[in-house]
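>>> What would the 3D arrangement of this be:
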Amino acid sequence: MIHAVPGSTRFALRPVRLHFVLMRPLMVLLVLSCLLPGYAAGQGLIFDSTTHDFGRVKQREKVRATFRYTNAGTDTVYLLEPRAGCGCTAALLSAPMVTPKGTGSMSVDFTAYAGTFGHVEKHVQMFRRVPGGEQQIATLTIKAFIVGEVIPDSTLLRFDVTEGDSAVMHTALHNSSDHPVTLDNVSAALMEYVDTTAGTAYHSDRVIGRAVPDVVVALARTQLEPGESTELSIGLRTHGKGQVTGSVRIVLPQSEIRVPVVGIVRRLVRDPRRE
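Modelled structure (predicted):
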């Protein structure tokens, strides 16, 4: 620190004694929050890891990850039931409380449901009991890449047509298994939500929902050896302005494919000068 000397324009440097003893606990907390995964000041829990990647997971397969933690604080931590963000994920605590310097764990089970494929990411939130309520203390993440016997190129089929026109969509299917597959159980379920009002605007309160009739689903080949591919085509005819939603479903002995379908049907605008 710099101090002025009375009656002089000179300045003198005087050493100032810092109270490192008082600052040390704060410095320790700052270092822990930066270096240790899952640590947050006030909660006391230090996680070995807050993310787990299962890698490739087969459809209908159930896998488990275990997240371990240590109570580095001076108070007992009382945990509440963890909350998973999806029905395919379930979490279970090893114990509802963690004493100072004690350890605990939470197991997270993930089930790759039939019909799902590709990259998925799920989250589980942890909470502790505090006076007057609860406090979130961590968000744990699991990741996976779901694979089936057959993998489609497209995870979503879209179309945008004028009413009365036909919509045709295509995607390739690849046999990613180590055995031949037969694609003989193929179906489509589509609903159209037709706005019955005049004009081009969409009125959600005047919509009629009904199944789309005469949906055509075709495969270029139904027998696939390992590594082979085929083309899936779906066609339908639209009947009025609105939206179409649904999916194409292919059932296999060990897995299932569901490719969502969404479409927009626009009102045909006629030019009266040409009529």
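
>>> Helices along the stretch 1-150 of the chain, start to end?
20-35 (DSSP state H, counting those that start in this stretch).

>>> remind me which residues of it are low pLDDT?
1-43 (pLDDT under 70).

>>> where do the strands sit along it?
In the stretch 1-150 of the chain, the strands defined using DSSP state E, counting those that start in this stretch lie at 2-4, 11-13, 45-47, 51-58, 62-71, 77-78, 83-84, 89-93, 97-98, 103-111, 118-130, 133-147, 150-152.

>>> What is the neighbour count of residue 93?
Neighbourhood size, residue 93 [other Cβ atoms under 10 Å]: 16. For the C-beta atoms, the positions are set from N, CA and C on the backbone; glycine is no exception.

>>> Go ahead and confirm residue 214 touches residue 236.
Yes. Look at residue 214 against residue 236 with Cβ atoms under 8 Å: they come within range, at 7.0 Å.

>>> The two: who's more crowded?
Ranked by neighbour count (other Cβ under 10 Å), residue 214 and residue 236 place residue 236 first, with 24 against 7.

>>> what sits against that one?
Counting by Cβ atoms under 8 Å, 6 or more residues apart in numbering, residue 236 touches 166-167, 190, 212, 214-216, 244.

>>> Between those residues, which sits nearest residue 146?
Proximity of those to residue 146 was ranked by Cβ to Cβ; the top entry is residue 190 with 24.0 Å.

>>> And the next helix or strand past the strand or helix carrying that closest one?
For residue 190, the host element (DSSP states H and E) is strand 186-195. Using DSSP H and E, the helix or strand that directly follows strand 186-195 along the chain is strand 207-211.

>>> can you pull the buried residues of that following strand?
residue 207 (16 or more other Cβ atoms under 10 Å).

>>> which residues does residue 140 bridge with?
residue 124 (DSSP bridges).

>>> Now for it: which residues touch it?
Contacts of residue 140 by Cβ under 8 Å, 6+ apart are 47, 50-52, 67, 91, 106, 108, 123-126.

>>> if you set the cut-off to 7 Å instead, what comes out?
50, 67, 108, 123-124, 126 (Cβ atoms under 7 Å, 6 or more residues apart in numbering).

>>> who wins for neighbours among the residues you listed?
residue 126 (26 neighbours).
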